[in-house]
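In: Curious how this folds, go ahead:
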Amino acid sequence: MKNRLLLSALPMVLSLSAHAADFTLSSRDIRDGQPLSSREVFQGFGCDGANTSPQLSWSNPPPGTQSFAITAYDPDAPTGSGWWHWTVVNLPASTSQLPSGAGNLRGEHLPAGAVQGRTDYGQPGFGGACPPVGDKPHRYQFTVWALKVDKLPLDANASGALVGYMLNANALAKATLTATYGR
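Out: This is a model prediction of the structure:
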């Protein structure tokens, strides 16, 4: 009887310990489900924001993580394929955060070896939110990816679609914050 009770409690204990170690993404600049500030809005295409990437921190990556990647994606863009606002690959496994502004064109606030891919604005680096006027607020998915490889064979000309393909093929886990923005 005592053994049965212990065995029946074991799955609950294991699920609690697994839950405590969930891979998570947080930010001082953006909040899940909340609107982006003008800092994360694009400068151009009729938008007048600061075009600054948000601060991002992550914790509890899964065992075997060899590198990280960051993406910012708008699934609501009226393109038929969404809109890539930021891709960063080849972040070392020792990285656990990026400061606000790390996505500038020069990438000088990124760890050595990190590569920013081309946004759908046509250039590498962070490209802030700028949905069409009158659209319902769009969702902006900021995702950190834990990868099973130390480097992806991608350069600054890599499209968001190619980066997304490589991330899905090499992901151990991912964590997402979704903010909104409309105008």
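
In: Which helix or which strand is home to the most centrally placed residue in the chain?
Out: If you average the C-alpha coordinates of the chain and look for the closest C-alpha using CA atoms, centre = their mean, you land on residue 143, 2.2 Å from that point. In the assignment (DSSP states H and E), residue 143 maps to strand 138-147.

In: Which positions within the next helix or strand after that strand qualify as buried?
Out: Scanning forward in sequence from strand 138-147, with DSSP H and E defining helices and strands, the next element found is helix 160-170. Neighbour-count burial for helix 160-170, counted by 16 or more other CB atoms under 10 Å, picks out 160, 163, 164, 166, 167, 170. From N, CA and C alone the C-beta is placed, and that goes for glycine too.

In: Specify which member of those residues is nearest to residue 96.
Out: When the buried residues of helix 160-170 are compared for distance to residue 96 (CB to CB), residue 167 wins out at 18.3 Å.

In: now that closest one: how far from residue 46?
Out: The spacing between residue 167 and residue 46, counted by CB to CB, to the nearest Å, is 30 Å.

In: and stretch 61-77, C-alpha only, in PDB?
Out: Written as PDB, here are the backbone C-alpha positions of stretch 61-77 (Å, rounded to 0.1, in the frame of the first residue of the first chain):
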ATOM      1  CA  PRO A  61      17.500  26.200 -21.500                       C
ATOM      2  CA  PRO A  62      17.200  22.400 -22.000                       C
ATOM      3  CA  PRO A  63      20.200  20.100 -21.600                       C
ATOM      4  CA  GLY A  64      22.200  19.800 -24.700                       C
ATOM      5  CA  THR A  65      21.700  23.500 -25.800                       C
ATOM      6  CA  GLN A  66      24.800  24.500 -27.900                       C
ATOM      7  CA  SER A  67      23.600  27.900 -29.100                       C
ATOM      8  CA  PHE A  68      20.600  30.300 -29.200                       C
ATOM      9  CA  ALA A  69      18.800  32.300 -31.800                       C
ATOM     10  CA  ILE A  70      16.300  35.200 -31.500                       C
ATOM     11  CA  THR A  71      13.400  35.900 -33.900                       C
ATOM     12  CA  ALA A  72      10.800  38.700 -34.000                       C
ATOM     13  CA  TYR A  73       7.900  37.800 -36.400                       C
ATOM     14  CA  ASP A  74       4.500  39.300 -37.200                       C
ATOM     15  CA  PRO A  75       2.200  36.500 -38.300                       C
ATOM     16  CA  ASP A  76      -0.600  39.000 -39.100                       C
ATOM     17  CA  ALA A  77       1.200  41.000 -41.800                       C
END
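
In: Done for today, thanks.
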